[in-house]
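Student: Let me see the structure of the following:
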Amino acid sequence: MVRWKRGESDIDALVRSGELQKLTGDAANGDRLLQKATITLETARSAIHRDPDSAFVLAYDASRQALTGLLAQQGLRPTTRGGHYAVEQAVRAQFGPGFRQFGALRRRRNELEYPERPGDDATNDEASQAVESAAAIIAAAADLLERLGLF
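Tutor: Have a look, this model is predicted:
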């Protein structure tokens, strides 16, 4: 497997800044995270009508797990310094607009987790859309996984 070239300088910068770090051995296998993402997505789907806020957050988590799986497949992982935003930056740099909805999910998840106004809750429709976006992200990540080599 060859190293993914698109976004290479951005990834190098994220590694140099400590927002991403390199993995070796069994840790550099994204399949486990994609499997976890699928299970998390199933849980999100089951909570849409009972608890739309939690369903939204779980859909976001499933997306993040899938994208972190792509990074793991490349021998990379976000650090506590880079966090969730480093995942977004790395994916945007390498894989482009196909994963754009992840940024919107991340920002809305932050609003739900740290609300500024009372009553700023997710609706059932919003949670359903988040689940569908997460399903698309997971499917796209699964299609890419086997084409990725170590960074």
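
Student: Let me see the confidence value for the most centrally placed residue in the chain.
Tutor: In the chain, the centroid-proximal residue (C-alpha atoms, centre = their mean) is Arg64; its distance is 2.1 Å. Turning to Arg64, the model gives it a pLDDT of 98.

Student: repeat for Pro118
Tutor: For Pro118, the model assigns a pLDDT of 84.

Student: Now do the contacts for it.
Tutor: With contacts defined as C-beta atoms under 8 Å, 6 or more residues apart in numbering, Pro118 has no neighbours. Where you see a C-beta, it was placed from the backbone N, CA and C, and this is true even at glycine.

Student: Contacts only, for the residue nearest to the centre of the chain.
Tutor: Here Arg64 is in contact with 84, 87, 102, 106 (C-beta under 8 Å, 6+ apart).

Student: which of the residues you listed has the most neighbours?
Tutor: Val87 (27 neighbours; other C-beta atoms under 10 Å).
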